[in-house]
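Student: what's the 3D shape of this:
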Amino acid sequence: QIPLPFEGPTVKQSITSIAVVGDGHGFAVGQGGGIITTADGGQTWELANGGYPMWSSIAFESDEVGYASGGIGFFRTTDGGSNWSFLRGTETLPVLWMDGSSNGIFAAGYRNTVHLIEPGSTDIDTVTLPVSFVMLLHIGQSDERFYIAGWSSYPERANLFLQSYDRGQHWDVHRIDDGQAPVIAIDCIDDVLLAPTASRLMVSTDGGSSWTVRHDFAPDLVNAVGFLDESVGVALLPPTQLVRTSDQGLTWTTVSEQSSDVYSITNLMVVDSQTIFAYGKEKTSYGRVGALWRSSDAGLTWSKEVLP
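Tutor: You can find the predicted model right below:
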């Protein structure tokens, strides 16, 4: 077990991942080290660990059991994040991103691998995909389905969507036809698949077999999209503009825009039908630190969180 030091500054440079578990308990981690936690759904935050390590992703399979990674290997907690230990034997496993649920942990590896951890287990099953990805692949899960999207180099150079109903033993592969703009996320809301690219919102209503353009953001670029339900979603137009839809992504209106001289927003995290976070970094007199914004009314209004 590797004890983590409870001292030092808050999350420095940028927040990179957020995980929310039951009863409003959540975590935010980032570059430069630092873990902050909330017990009231993000209204207030406390420093949980200011020193080590630099984590890029964090996810929980239950209120007590969670995993985190800085890019190589897995840390694990069994007491709701109070203590973490490194899983020996994972020192060579690349971990780009994680998604957690009661089905276990689903983690993106490098190019053509994903890692699966069964609920309650520390055994890691590394699965080789039939596709090799160039861009960072994006993952998700719902019920018994695992799904992936990204820009591939093999067997073709294209945006591809993969899904498995047997924990990675077999994969269905479908093409998301959007020219040369890479997929930036993948999500499933009420059996509707949403795959935003850097310029368009692509939608599938037949399980990923075919995709249509729901909205074209051009000439703007898109860094992130999060849907709170089938109709309401928020998109991040870099560097700090947040736009909202209430008609399934057909039209979008600006709801918030921060000063790009001070702030940079990098991603979104949907908690439930009313709560969504935007996170990134801000410039201060003592350097760049993590920054976090919260909306409790389905993305209509936003407030900047006070971080420790």
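Student: what pLDDT does Glu7 get?
Tutor: Per-residue confidence (pLDDT) for Glu7: 38.
Student: Please read the previous query as pertaining to Gly290.
Tutor: At Gly290, the pLDDT recorded in the model is 83.
Student: Surely it is within a helix?
Tutor: No. Counting by DSSP: H, G, I helix; E, B strand; the rest coil, Gly290 is not part of a helix but strand.
Student: from what I can see it touches Ile18, true?
Tutor: No. With contacts counted by C-beta atoms under 8 Å, Gly290 stays clear of Ile18, the gap being 10.4 Å. Glycine gets a C-beta too; all of them are placed from N, C-alpha and C.
Student: Tell me how many other residues crowd Val173.
Tutor: 16 (other C-beta atoms under 10 Å).
Student: shared neighbours, Gly290 and Ile18?
Tutor: Counting by C-beta atoms under 8 Å, 6 or more residues apart in numbering, the shared contacts of Gly290 and Ile18 are 28, 279.
Student: list the contacts for Leu237?
Tutor: By C-beta under 8 Å, 6+ apart, the neighbours of Leu237 are 217, 220-223, 243.
Student: Throw these into a markdown table and include neighbour count, thanks.
Tutor: Shown next, in a markdown table, are the contacts of Leu237 (neighbours: other C-beta atoms under 10 Å):
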| residue | neighbour count |
| --- | --- |
| Phe217 | 19 |
| Asp220 | 14 |
| Leu221 | 14 |
| Val222 | 22 |
| Asn223 | 21 |
| Val243 | 21 |
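Student: Just the ones of those in strands?
Tutor: Val243 (DSSP state E).
Student: Out of the contacts of Leu237, flag the one nearest to Thr38.
Tutor: Asn223 (23.8 Å; C-beta to C-beta).
Student: show me the contacts for that closest one.
Tutor: Counted by C-beta under 8 Å, 6+ apart, Asn223 has contacts 184, 236-238, 265-267.
Student: so which of these comes closest to Gly24?
Tutor: Using C-beta to C-beta, those come closest to Gly24 at Asn267, 20.6 Å.
Student: for the stretch 201-308 of the chain, what are the low-confidence residue spans?
Tutor: Along the stretch 201-308 of the chain, no part satisfies pLDDT under 70.
Student: Apply 90 and report the result again.
Tutor: 218, 259-260, 280-281, 283-291, 305-308 (pLDDT under 90).
Student: Could you report the distance from the closest residue to Leu193 other than its chain neighbours to Thr197?
Tutor: Sequence neighbours aside, Ser204 is the residue nearest to Leu193 in space, at 4.2 Å (criterion: C-beta to C-beta, 6 or more residues apart in numbering). Ser204 sits 13 Å away from Thr197, going by C-beta to C-beta, to the nearest Å.
Student: These two: which has the busier surroundings?
Tutor: Regarding Ser204 and Thr197, a neighbour count based on other C-beta under 10 Å identifies Thr197 as having more, with 25 against 19.
Student: so the more buried one makes contact with Ile186?
Tutor: No. Using C-beta under 8 Å, Thr197 makes no contact with Ile186, being 10.7 Å away.
Student: and stretch 126-144, which residues are buried?
Tutor: By neighbour count on 16 or more other C-beta atoms under 10 Å, the buried set for stretch 126-144 is 127, 129, 131-133, 137-142.
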